[in-house]
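Engineer: I'll drop the sequence and a predicted model, then ask my questions.
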Amino acid sequence: MSTHDDDILDFDFFDEGETRETQTRDPRAPERRPGGRGGAGGRGGGIRRPSLRGSGLTPLVRLVGLIAFAILLVVLLVLWAQGCSNDHQRGAYQSYMHSIGTVGAASANVGGELATLLTTPGKKQSDVVSGLAGLVQQEQQNVAQAEKLHPPGPVLAEHEHAVEALQFRVSGMQGLRRAFQATAASSNAVAAGTLLAAQAQRLLASDVIWSDLFKAPAEEELKTRSVSGVLVPSSVFVTNPDLFTARSLTLVSQRVHGASTGGTPSGLHGTNLVDVKVEPSGQVLGSAETTIKSSTDLAFVAAVHDGGSSQEVQIQVTLTIPASPTSIVKTATIPVIDPGETKTVTFKDFPTIPIGSKTSVKVDVKPVKGETNISNNSAQYPIIVSLA
């Protein structure tokens with residue numbers, strides 16, 4: 001092929017390309033100069049390709065940013081979901097503990113009513129039997145309420161123990177009622193007391209079940225699951241375990257059996273004031289004037305002794321401090337005291353006690369039914385209160 005032919009072919013090629021460009025090019029774009037190996041433009045002629053240097057960096061940054069944003073969004077969604085789950089979990093536990101706490105409080109009130117029934121002066125055996133029947137019905141209602149609750153799954157076993165504790169209280173009072181009925185005509189108070197104490201063990205056991213098998217493990221479960229702000233309720237049925245010993249229940253049996261027969265109480269009855277101490281100093285008041293330092297913790301502790309041969313109940317003790325314009329008068333009660341036993345009552349909260357002037361503390365123990373010697377039931381002690 002000759003040089004002339006090569007030029008013809010070269011010209012025809014770019015001429016065709018120019019024609020195609022004319023058909024598709026934007027009229028506003030500048031005209032391109034033809035060029036090639038043999039054209040006037042040499043290396044600088046022809047179509048200039050756009051530079052690719054750095055062209056992939058911006059999309060990569062955008063991709064990385066989108067991935068980071070997606071990860072952050074997922075993390076936030078997970079945290080939000082966990083927060084909602086934790087709130088729901090806490091709410092479920094809070095609702096359940098409130099409900100079982102209401103039942104537990106009602107049950108504890110029944111326990112208080114039982115103690116009052118057994119320590120109220122003048123109660124006959126028939127009064128105790130009928131009173132126990134009413135308390136059993138109340139506690140059965142508490143059991144029914146507890147059984148209707150739906151605890152969160154992790155504390156289901158603990159809930160069943162709470163119900164078990166309530167059932168023990170029902171069976172314990174039913175046993176006491178049967179024992180009182182069985183010994184109504186018996187003169188063997190010791191045997192009656194032993195029988196009653198055996199039934200009362202269920203009441204004592206109920207408090208252990210609630211505390212050790214419900215409250216403690218439920219608290220541990222909440223701690224394990226990081227559930228905060230939820231309190232597991234207590235429920236104490238027996239506040240005075242001494243009342244349910246064989247000796248104490250023997251005396252209860254004697255007292256209610258004697259009340260059933262009517263007339264004057266048999267045996268020796270009587271209480272006496274032993275002493276009065278000042279707390280927190282520990283001073284013992286006497287006939288000589290005692291200087292007492294004023295304090296927000298100031299308290300007077302009166303010791304009372306049962307000097308008779310019978311159990312006494314609901315012993316009222318009164319403390320009086322003369323003051324102007326109104327004397328300070330406080331009253332406390334000893335629920336039950338057995339023969340030969342000494343118990344104390346504490347009087348506190350004295351914000352208006354006279355400072356710097358001579359006054360006195362008088363303590364009176366109300367005589368019990370059948371008591372003949374009341375000379376040792378009260379005493380008055382001279383005091384002066386100084387600033388701490």
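Structural biologist: Yep, it's here.
Engineer: List of residues touching the helix or strand residue 274 falls within?
Structural biologist: Using DSSP states H and E, residue 274 sits in strand 271-279. Contacting residues not belonging to strand 271-279 are listed as 283-285, 290, 292, 297-308, 312, 315, 337, 342, 346, 361, 363, 365, 367-368, 371, 376-379, 381 [Cβ atoms under 8 Å, 6 or more residues apart in numbering]. The way it works is simple: take the backbone N, C-alpha and C, and place the C-beta from them, glycine included.
Engineer: pretty sure residue 253 is touching residue 182, no?
Structural biologist: No. Using Cβ atoms under 8 Å, residue 253 is not in contact with residue 182, being 11.1 Å away.
Engineer: Below-threshold pLDDT in the stretch 101-250 of the chain: ranges please.
Structural biologist: With pLDDT under 70 as the threshold, the stretch 101-250 of the chain has no low-confidence stretch at all.
Engineer: so where do the helices sit in it?
Structural biologist: 125-147, 156-182, 189-208, 216-224, 246-261 (DSSP state H, counting those that start in this stretch).
Engineer: Show the secondary-structure elements that the longest one is packed against.
Structural biologist: Contacts defined by 3 or more Cβ pairs under 8 Å, 6 or more residues apart in numbering; DSSP states H and E place helix 156-182 against helix 57-119, helix 125-147, helix 189-208, helix 216-224.
Engineer: now the shortest one against helix 57-119, angle please.
Structural biologist: Okay, so that is helix 216-224. Interaxial angle of helix 216-224 relative to helix 57-119 (axes from the mean of the first three to the mean of the last three Cα atoms, to 10 degrees): 160 degrees.
Engineer: Show me the domain layout of this protein.
Structural biologist: Listed by automatic domain parsing, the domain ranges of the chain are 77-261, 271-386.
Engineer: Please render the ones you listed as JSON lines that adds distance to residue 58 and mean neighbour count to the earlier fields.
Structural biologist: Formatted as JSON lines, the domains of the chain follow (distance: least, Cβ to Cβ, whole Å; neighbours: other Cβ atoms under 10 Å):
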{"stretch": "domain 77-261", "distance to residue 58": "29", "mean neighbour count": "18"}
{"stretch": "domain 271-386", "distance to residue 58": "75", "mean neighbour count": "16"}
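Engineer: re the thing from before, out of the helices of the stretch 101-250 of the chain, nearest to residue 321?
Structural biologist: Closest approach to residue 321 among these is made by helix 246-261 (33.8 Å; Cβ to Cβ).
Engineer: hmm, who's touching that closest one?
Structural biologist: Taking Cβ under 8 Å, 6+ apart as the rule, helix 246-261 contacts 118, 122-128, 180, 183-184, 189-190, 192-194, 196-197, 200, 242-243, 265-266, 310-311, 313, 336, 338-339.
Engineer: With stretch 333-341 instead?
Structural biologist: Contact with stretch 333-341 is made by 115-116, 118-119, 240, 242-243, 247-248, 251, 271, 304-317, 343, 345, as judged by Cβ under 8 Å, 6+ apart.
Engineer: Using CSV, list the CA coordinates for the helix or strand containing residue 347.
Structural biologist: Per DSSP H and E, residue 347 falls inside strand 342-348. Output of strand 342-348 as CSV, limited to C-alpha atoms (Å, rounded to 0.1, in the frame of the first residue of the first chain):
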residue,chain,number,x,y,z
THR,A,342,-39.7,-9.4,133.9
LYS,A,343,-40.4,-7.3,130.8
THR,A,344,-39.6,-3.8,129.8
VAL,A,345,-41.4,-0.9,128.0
THR,A,346,-39.6,2.1,126.5
PHE,A,347,-40.8,5.7,126.5
LYS,A,348,-39.1,8.1,124.1
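Engineer: So which residues of the stretch 251-388 of the chain form strands?
Structural biologist: 271-279, 290-293, 299-306, 312-321, 328-337, 342-348, 358-365, 378-386 (DSSP state E, counting those that start in this stretch).
Engineer: nearest to residue 143, of those strands?
Structural biologist: With Cβ to Cβ, the closest approach to residue 143 among these belongs to strand 328-337: 26.5 Å.
Engineer: partners of that closest one in the sheet?
Structural biologist: Applying DSSP bridges, strand 328-337 is found paired with strand 312-321 (antiparallel).
Engineer: Any chance you could list what contacts the partner strand?
Structural biologist: With Cβ under 8 Å, 6+ apart, strand 312-321 has contacts from 118-121, 255, 269, 271, 300, 302, 304, 306, 327-337, 345, 347, 350, 353-354, 359-366, 368.
Engineer: who touches residue 384 in this structure?
Structural biologist: 289-292, 356-359.
Engineer: that older thread, of all the domains of the chain, which one is nearest residue 63?
Structural biologist: domain 77-261 (21.2 Å).
Engineer: Relative to the whole chain's centre, how far out is the closest one?
Structural biologist: Distance, stretch centre to chain centre, for domain 77-261: 16 Å (Cα atoms, centre = their mean, to the nearest Å).
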